[in-house]
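J.: dropping a prediction and its sequence here:
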Amino acid sequence: MSAPVHPIIAYLQRHWFRIGIAAVLIFLAMKKDLSFKINLNTPQKMEYQKEEESPKKPVSREILSEHRSEKKPEVEHFEIVSAPVKRKEMTAMDRLSLVDAATISAYIERFGKVAEGEEKKFGIPAAIILANALLHSQAGTEEMANSAANNHFGLPCTDDWMGETGTYHKACKRHYENAWTSFRDHSFYITTGKFTPLSRLSAKDYQAWAKGLEELGFSEEKHLAEQLLEAIEGFGL
């Protein structure tokens, strides 16, 4: 009589196929779980992260040398050159405006009566005489109007001039014994020769006298008529 079989062994013998399938399923389940855990521990690359740059290849010395020897393109430089500013040439009136008011006032006071006397004798507006003297002598401050020359109108040397002369601003100018002689010679000068047409003008028409002196070339001063009128009206002559 054989020995009795253990109940567990007998169970395994009867259900070995089912047990085998169950073991395979358990094994597969355990393997999948293990793979999942491994994947959790591996850092994943996020979509917004940039791909790692591929390592740069070392540049050979020949290429570096060739690159350095290349001539860099010349950059054009534009220089902004401002046009030379032309300074305004100062007129006699501009220079006179720099003389202090007291000196101008004293000059007008000193020679006002002289100018009125010349108007009565020669028919020249006293305002024109005074304005002309103010501009050309700079109210007596100009060198040629000093006590040695006494030329208050800048009258030039001429062939018929027999008196003393001097050089001022590279030009020959007449000398006078005193200021009054300068005013009297001025009256003769602008009523004779090429200025004779002025003697026919009215003593009240100082605008016409101013224009005539400029047109007939009394001096090299530019816009003389305009300056004479400005002096007459500005100083109330």
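T.: Great, that's in hand.

J.: Ala225 against Leu216, yeah?
T.: No. Under the criterion of CB atoms under 8 Å, Ala225 makes no contact with Leu216, lying 10.8 Å away. Where you see a C-beta, it was placed from the backbone N, CA and C, and this is true even at glycine.

J.: who has more neighbours out of the two?
T.: Ala225 (17 against 14; other CB atoms under 10 Å).

J.: next, the contact list for Ala149, please.
T.: Going by CB atoms under 8 Å, 6 or more residues apart in numbering, Ala149 touches 143, 166, 168, 173-176.

J.: now do the strands in this protein.
T.: 165-168, 171-174 (DSSP state E).

J.: out of those, deepest packed?
T.: Stretch with highest mean neighbour count among the strands of the chain: strand 171-174 (a mean of 17; mean count of other CB atoms under 10 Å).

J.: can you show me the CA trace of it as PDB?
T.: Provided in PDB are the C-alpha atoms of strand 171-174 (Å, rounded to 0.1, in the frame of the first residue of the first chain):
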ATOM      1  CA  ALA A 171      44.100 155.800 -47.300                       C
ATOM      2  CA  CYS A 172      45.300 159.400 -47.700                       C
ATOM      3  CA  LYS A 173      43.100 161.900 -45.700                       C
ATOM      4  CA  ARG A 174      43.100 165.600 -45.400                       C
END
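
J.: hang on, the earlier thing: next, format the strands of the chain as JSON lines and append distance to Thr158 and mean pLDDT.
T.: Below are those laid out as JSON lines (distance: least, CB to CB, whole Å; pLDDT from 0 to 100):
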{"stretch": "strand 165-168", "distance to Thr158": "10", "mean pLDDT": "93"}
{"stretch": "strand 171-174", "distance to Thr158": "8", "mean pLDDT": "94"}
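
J.: okay if I get these as TSV plus distance to Gly123?
T.: Below are these laid out as TSV (distance: least, CB to CB, whole Å):
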stretch	distance to Gly123
strand 165-168	29
strand 171-174	23
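
J.: closest to Arg110 out of the ones you listed?
T.: Arg110 lies closest, by CB to CB, to one member of the strands of the chain: strand 171-174, at 20.4 Å.
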